[in-house]
Each structure stands twice: as structure tokens, then as C-alpha cells.
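**Student:** here is a sequence together with a model predicted from it:
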Amino acid sequence: MTAAIERTYEQRAAIAAFVRDRAAALDRGETDIRIDLAHIGEAGLLRKGLSGECLDEMVAVVDEVAAESLTVGFSLWAQRMALEYIDRAPQFLRDLYRDDLASGRTIGVTAMAAALKHLAGLGELPLLAERTDDGITVTGPIHWASNVFPDSLIVFPARTADGERLVAVVRADAEGITIANPPELLALGATSSTSLRFDGVRIPQSHILTENLAGFCGMIRPTFMLLQTSFCSGITRASLSEASTRLDGLGAQFSSEFEDVSAQYDSLRERLYRFAADPSVVPPAEFIRLRLDGSVVAVAATRLEATLRGGAGYASASATNRRFREAAFLPIQSPSEGQLRWELSQYE
Ligand SMILES: Cc1cc2nc3c(=O)[nH]c(=O)nc-3n(C[C@H](O)[C@H](O)[C@H](O)COP(=O)(O)OP(=O)(O)OC[C@H]3O[C@@H](n4cnc5c(N)ncnc54)[C@H](O)[C@@H]3O)c2cc1C
């Protein structure tokens with residue numbers, strides 16, 4: 001092992017330990033993900049895979065963090081995606097926001113679910129932009145976004161009345177933005193996930209990231225899907241590891257199911273790291289299949305873990321219970337299981 005690889009490995013292990021110690025408190029809502037993201041940023045791990053660098057280390061960071069807490073793994077994905085967008089933005093926006101996002105000093109919001117759904121032909125963008133002399137004003141809802149704090153940086157898609165579609169950047173405390181009180185969730189409460197309302201929010205021309213929504217989403221989509229699959233991989237491994245200790249006695253009844261889910265996990269992980277090593281050679285349908293498989297195997301593994309753990313896993317304070325609740329989000333996260341199945345069907 002070279003010194004550089006060993007150092008990254010040690011950093012990832014230290015971050016995993018940090019998140020492990022906080023996972024229960026995060027689940028109870030006693031703290032939030034800003035501390036974890038700042039810690040990961042300070043270690044330089046948010047920058048992995050930027051600007052054409054191989055994505056495999058970033059995949060490993062999200063994978064290992066999510067094995068300790070999907071809450072943090074999911075927020076880390078959102079932060080890293082906001083950074084990815086800014087990294088691909090014009091120089092002015094890069095200079096303004098890249099370092100603060102990469103260090104975790106600024107928290108990033110990716111409100112791009114509506115864009116991916118729209119580009120799949122499944123709905124219109126809810127935010128409407130009107131041109132002004134020096135940019136746009138934006139009105140409409142963001143139905144869901146995570147990492148939403150008053151000083152977060154939001155990257156969002158919008159459309160104009162004459163059908164142009166763009167991506168822009170705004171601070172959450174900008175005039176005209178109302179952040180709804182976060183609803184109580186089954187899990188992931190520490191991610192500050194909520195809805196927002198824009199009312200004539202002024203965005204200067206300099207904060208329009210791109211006017212080519214489809215081209216931009218095409219560029220970021222492999223990273224988007226690979227890092228989402230990374231947190232599916234992490235939580236699945238944690239559940240399988242716990243399940244593997246309970247296959248004796250009555251647990252032996254679940255041996256074949258355990259073997260089955262483990263084989264699905266092995267396949268997922270092998271493809272995840274192979275695709276991350278060179279996304280450019282991967283056919284688009286394979287990213288869709290990978291992300292879909294990630295969601296399916298994570299739900300199966302957390303369900304199996306809960307079954308094998310018995311009553312103790314039904315206590316909401318247990319890690320088994322937390323993973324079970326956290327994983328329930330994966331089939332509805334955009335691109336949702338319904339959308340992924342529909343997209344895959346277009347290739348068949
Ligand atoms: C806790 C949480 C955090 C989130 N964080 C983020 C975030 O950070 N960023 C972000 O961008 N999004 C975020 N989301 C949104 C998420 O990624 C999904 O987009 C969202 O959960 C989809 O839910 P929806 O209620 O909009 O469902 P919909 O997409 O409206 O789907 C509801 C039902 O309608 C069906 N349906 C949907 N569209 C069609 C159609 N065109 N034709 C026929 N049937 C259709 C679906 O199959 C489903 O059965 C978050 C959501 C949650 C719950």
C-alpha cells in the first residue's frame with residue numbers, strides 16, 4: 001500500500017468511527033448532519049473524484065459512512081452533488097462557492113429530483129423563471145429538499161414560460177424564499193428535509209449555472225447514480241453483517257435468504273466499484289439497473305436483519321430498527337423505484 005492510499009484509508013476509518021459514535025443521537029434528532037459534513041470536509045474527503053478524478057474513493061467514503069448511518073450517507077451524497085454542480089459551473093460561481101462547499105463550511109442542497117423526473121418525461125419543473133434586465137425572478141415550490149438550513153446553498157432547476165430550462169444557485173436565506181418547518185419523518189430527521197416556496201426570488205445572471213438543463217443533467221447523472229448506490233451499498237453491508245451473526249438456531253431457517261441477499265449485494269458492490277473506475281464506458285441502462293438493485297437489496301437486507309434480530313430490533317433505539325426505517329426511504333428517493341423501473345422498461 002502506498003503512503004497516500006494508506007492515509008486515505010485511515011481517514012475513511014476515522015470518519016466512519018466519528019459517524020458511528022453520533023448515529024444514535026442523529027436518529028433521535030439531538031444533533032444534525034452539519035457537524036458530520038464539516039468533519040468529512042475538513043479531512044479533504046468531499047473533494048475526492050472532482051474535476052475528472054476517478055470517483056472510486058468518493059464512492060468508498062459514502063459507502064463507509066452509510067454503513068454507520070444512512071442519515072449521514074444521504075446528506076453526504078446531497079452535499080457532494082451540490083459541490084459537483086458548482087465544480088462544473090462557470091468560473092465565477094466556482095470561485096464563490098467551491099471551497100466552502102468542499103470544506104463543509106457551507107451546506108449544499110440538491111433540489112434536482114424534479115429535473116431528473118422531467119427529463120425522463122414524467123412531469124414538468126415546478127419552478128417558473130421570468131427574465132429580468134439582470135437575470136431572472138423565480139416563483140414556485142420545491143416539494144422536497146434535504147440539508148436545508150438558513151444559510152445553505154441551493155442548486156435548483158427552473159423553466160421559463162417559453163420553454164427554456166436552466167439550473168441556478170441561491171442562498172436559502174435569499175429574499176422571497178420561505179422554508180417550511182421540517183415535517184416529522186420516519187427517519188432521516190437530522191437531514192433537515194423539508195419543502196420550500198419561492199416568491200419572486202431574484203437571481204442575478206451570474207448565478208445561472210447553465211441554460212442547458214438536459215446537457216448538464218446528462219453530465220452529472222453517472223455521479224448522481226453512483227453515489228446514491230454507494231449509500232445503498234453501505235447500509236446493506238451493515239445489515240448483512242448483523243444478520244450473519246444470527247443464522248444459528250431458528251435463524252438457520254433464513255440461511256438461503258441470507259445467501260441470496262448476500263449474492264445480490266456482492267454483485268452490486270462489484271458493479272459499483274467497476275463502474276466508478278470508468279463511468280464513460282458504462283451503458284446508461286446499467287446505471288439505472290445498478291441504482292434500482294441498490295434500493296431493492298438495501299430494503300431486503302434491512303428487512304432480513306430486523307426479522308433475525310427479533311423483538312430487540314423492534315425497539316426504536318436499536319441500530320437494526322434505525323436501518324429498517326432509514327432504508328424505507330430508498331424506493332421513493334428520486335429517481336424513485338417507479339421511475340427507475342419505467343426508465344429501464346424504455347430500453348427493453
Ligand atoms: C426525506 C426526503 C428527502 C428528500 N430530499 C430530496 C433532496 O435533497 N433533493 C431532491 O431533489 N429531492 C428530495 N426528495 C424528493 C425525493 O427524491 C422524491 O422526488 C420524492 O420522494 C418523490 O415523492 P413525491 O411525493 O414527489 O412522489 P411522486 O414522484 O409524485 O410519486 C408519487 C406516486 O405517483 C407516481 N407517479 C409519479 N409521477 C408519475 C407520472 N408522471 N405518471 C404516473 N404516475 C406517476 C409514482 O410512481 C408514485 O406512485 C426527498 C424526499 C424525502 C421524502
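**Tutor:** Nice, I can see it.

**Student:** dead centre of this protein: give me the residue that sits there.
**Tutor:** Among the residues of the chain, the one closest to the centroid is W77, at 3.4 Å (CA atoms, centre = their mean).

**Student:** tell me the buried residues in the strand or helix carrying that one?
**Tutor:** Per DSSP states H and E, W77 falls inside helix 70-87. By neighbour count, and taking 16 or more other CB atoms under 10 Å as the criterion, the buried residues in helix 70-87 are 70-87. From N, CA and C alone the C-beta is placed, and that goes for glycine too.

**Student:** is the ligand within reach of that helix?
**Tutor:** Yes - using CB under 6 Å from any ligand atom, helix 70-87 reaches the ligand at A78.

**Student:** keeping just the C-alphas, turn that helix into PDB.
**Tutor:** The C-alpha trace of helix 70-87 is given here as PDB (Å, rounded to 0.1, in the frame of the first residue of the first chain):
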ATOM      1  CA  LEU A  70     -27.700   6.300   6.200                       C
ATOM      2  CA  THR A  71     -28.800   9.700   7.500                       C
ATOM      3  CA  VAL A  72     -25.200  11.000   7.200                       C
ATOM      4  CA  GLY A  73     -24.600   9.000   4.000                       C
ATOM      5  CA  PHE A  74     -27.600  10.500   2.300                       C
ATOM      6  CA  SER A  75     -26.700  14.100   3.400                       C
ATOM      7  CA  LEU A  76     -23.200  13.500   2.300                       C
ATOM      8  CA  TRP A  77     -24.500  12.500  -1.200                       C
ATOM      9  CA  ALA A  78     -26.500  15.700  -1.300                       C
ATOM     10  CA  GLN A  79     -23.500  17.800  -0.200                       C
ATOM     11  CA  ARG A  80     -21.200  16.100  -2.700                       C
ATOM     12  CA  MET A  81     -23.800  16.600  -5.500                       C
ATOM     13  CA  ALA A  82     -24.100  20.300  -4.800                       C
ATOM     14  CA  LEU A  83     -20.300  20.500  -4.900                       C
ATOM     15  CA  GLU A  84     -20.300  18.500  -8.200                       C
ATOM     16  CA  TYR A  85     -22.700  21.000  -9.800                       C
ATOM     17  CA  ILE A  86     -20.600  24.000  -8.600                       C
ATOM     18  CA  ASP A  87     -17.400  22.300  -9.800                       C
END
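
**Student:** which ones are touching the residue nearest to the centre of the chain?
**Tutor:** Going by CB atoms under 8 Å, 6 or more residues apart in numbering, W77 touches 62, 227-228, 230-231.
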